[in-house]
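Participant: predicted coordinates and the sequence they were generated for:
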Amino acid sequence: MVKRVVLLVAVAATAFPMSAAAAPAGSGRLLGQLWKEILERPAAVNPLLPQSLCLRVDRGRIVVPLPLGSAPLTCTIEQGTPILAEAYSTECSDVEAPPFFGSNYAEQVACARAADTRFKDTRFTLDGRPIDFFEVVTPPEEVRLPPDNILGVPAGTVAHFAGHGWNVILRSLPVGLHTLMIHQRNPPPGFPDELSSILNVVPRG
């Protein structure tokens, strides 16, 4: 069975203490775009199966590193391109079986939040330094699922979904190599205790 929780380069914290600041505008929308990008991919090219990918959202303007293996993922990024660092995240929809079923938006949000309570005692670093993060919830989303989709429903099915997670947008990293890492103590079964992405920031143009 496909893992229904995305294991992404992540931002989280011990026992889920949240940043006191409000999440930047659009953070939940970007998480929704990321989930839509994932759900629109057939199983053969889907990062949930797993495979490491450098995805793009917001019409290609924002890079999302998704390291899912033991080896570091390298993403080459032009200077000034925003990077969406996304936490362990879950989506729930009206076409999935329990425990990932929600008949409406409120139920889908509650479902996704409940699934994410498995992730605790986590820290996220950029070049060895902790980074702030924000808890986010997507707006109501819908997606038309492709053939061989990861939800296992007929091609063309329209799924209404919502997601929950933690994220932060990294901007204006200097040219050079940067290491983005998630460290998870006592992860749930099937999840590694450490993942890393190498961000190769190159001059624009």
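Facilitator: Looks like it came in fine.

Participant: what's the neighbour count on residue 44?
Facilitator: As a burial measure, residue 44 scores 8 neighbours (other C-beta atoms under 10 Å). Just so you know, the C-beta spots here come from the backbone N, C-alpha and C atoms, and that holds for glycine as well.

Participant: same thing with residue 104?
Facilitator: Residues near residue 104, counting by other C-beta under 10 Å: 11.

Participant: the longest strand anywhere in the chain pairs with which strands?
Facilitator: Counting by DSSP state E, the longest strand found in the chain is strand 158-170. Using DSSP bridges, the strands paired with strand 158-170 are strand 83-86 (antiparallel), strand 89-93 (antiparallel), strand 134-137 (antiparallel), strand 141-144 (antiparallel).

Participant: out of these, which gets nearest to residue 104?
Facilitator: strand 89-93 (10.7 Å; C-beta to C-beta).

Participant: averaged pLDDT, the closest one. What do you get?
Facilitator: Strand 89-93 shows an average pLDDT of 94 in the prediction.

Participant: buried sites along whatever helix or strand comes next after that strand?
Facilitator: Next helix or strand after strand 89-93 toward the C-terminus (DSSP states H and E): helix 105-116. The neighbour-count criterion (16 or more other C-beta atoms under 10 Å) identifies 105, 108, 109, 111, 112, 113, 115, 116 as the buried residues of helix 105-116.
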